[in-house]
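> output the structure for:
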Amino acid sequence: MDFSEMLMRLSLALVGGAVIGWEREWRQKPAGLKTHVLVTVGAAAFVLAGLDFFESLDSEAKQSGADMMKVIAGVIGGVGFLGAGSIMRSGGNVQGLTTAATIWLAAAIGVAAGFGNYVLGGCCVVLALVTLLAFELLEQWVFPANQSNQAVPPAESSDGVPTVPPDRPGSPPRGQ
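Numbers count the residues shown, from 1 in each chain. The predicted structure is shown next:
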């Protein structure tokens with residue numbers, strides 16, 4: 001694989017991660033822009049390294065079990081730990097599942113980019129945005145009672161005074 005093809009694949013991974021990460025950052029979620037970009041580029045890099053290794057093998061070694069699926073399985077397992085770290089449980093509420101899912105999808109976009117499957121990677125980015133943005137509106141319309149459960153109680157400082165980080169300019173109100 002030449003340098004320009006490798007750069008194109010890594011660029012797709014970067015853009016895909018940035019788009020999803022931007023949406024998560026805008027909503028002030030724990031895993032945002034940098035996390036998603038690093039996951040997609042990292043996943044693509046693992047695939048590219050695996051492809052490079054696989055291409056260097058002779059035909060007998062290729063048939064003996066050098067398998068790119070092992071690279072993908074490693075990416076999925078490793079990213080699973082990142083996603084699990086974003087899930088929090090407080091009483092009966094579970095938060096961070098969507099963030100965990102976007103991290104997992106970011107890895108899939110990186111894998112697709114690493115394999116050079118630009119259509120798959122691009123479609124995943126578009127579908128992720130539709131899911132994260134349009135489905136949010138649909139949830140608010142169809143399940144309005146669930147929206148009250150989305151608010152996160154403010155943290156308290158050592159003196160019992162609620163502390164809420166300031167909202168970023170242009171960000172949606174907290175708890176949405």
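
> what about Leu132, which SS state?
Taken by DSSP: H, G, I helix; E, B strand; the rest coil, the conformation at Leu132 corresponds to helix.

> quick check: closest non-adjacent residue to it.
The shortest distance from Leu132 to any non-neighbouring residue, by CB to CB, 6 or more residues apart in numbering, is to Glu23 (5.0 Å). No exception for glycine: its C-beta is placed from N, CA and C like everyone else's.

> quick one, what contacts that neighbour?
Each residue near Glu23 by CB atoms under 8 Å, 6 or more residues apart in numbering is listed here: 128-129, 132-133.

> before we move on, what's the pLDDT of it?
On pLDDT, Glu23 comes in at 88.

> can you tell me the SS state at it?
Glu23 is classified as helix under three-state DSSP.

> could you find the closest non-adjacent residue to the residue most central in space within the chain?
Among the residues of the chain, the one closest to the centroid is Ile103, at 2.4 Å (CA atoms, centre = their mean). Distance criterion CB to CB, 6+ apart; nearest residue to Ile103, sequence neighbours excluded, is Gly83 at 4.6 Å.

> burial of the one you found, as a residue count?
21 (other CB atoms under 10 Å).

> quick one: the strands in this structure, in order.
Using DSSP state E, the strands of the chain run over 88-90, 93-95, 155-156, 162-163.

> just give me the neighbour total for Leu38.
Neighbourhood size, Leu38 [other CB under 10 Å]: 18.

> what sits against it?
Taking CB under 8 Å, 6+ apart as the test, what Leu38 contacts is Gly17.

> separation between it and Thr102?
13 Å (CB to CB, to the nearest Å).

> now do Ala84
Distance from Ala84 to Thr102, by CB to CB: 14 Å.

> so which of the two has more stuff around it?
Comparing Ala84 with Thr102 by other CB under 10 Å, the one with more neighbours is Thr102, at 26 against 11.

> alright, that wraps it up for me.
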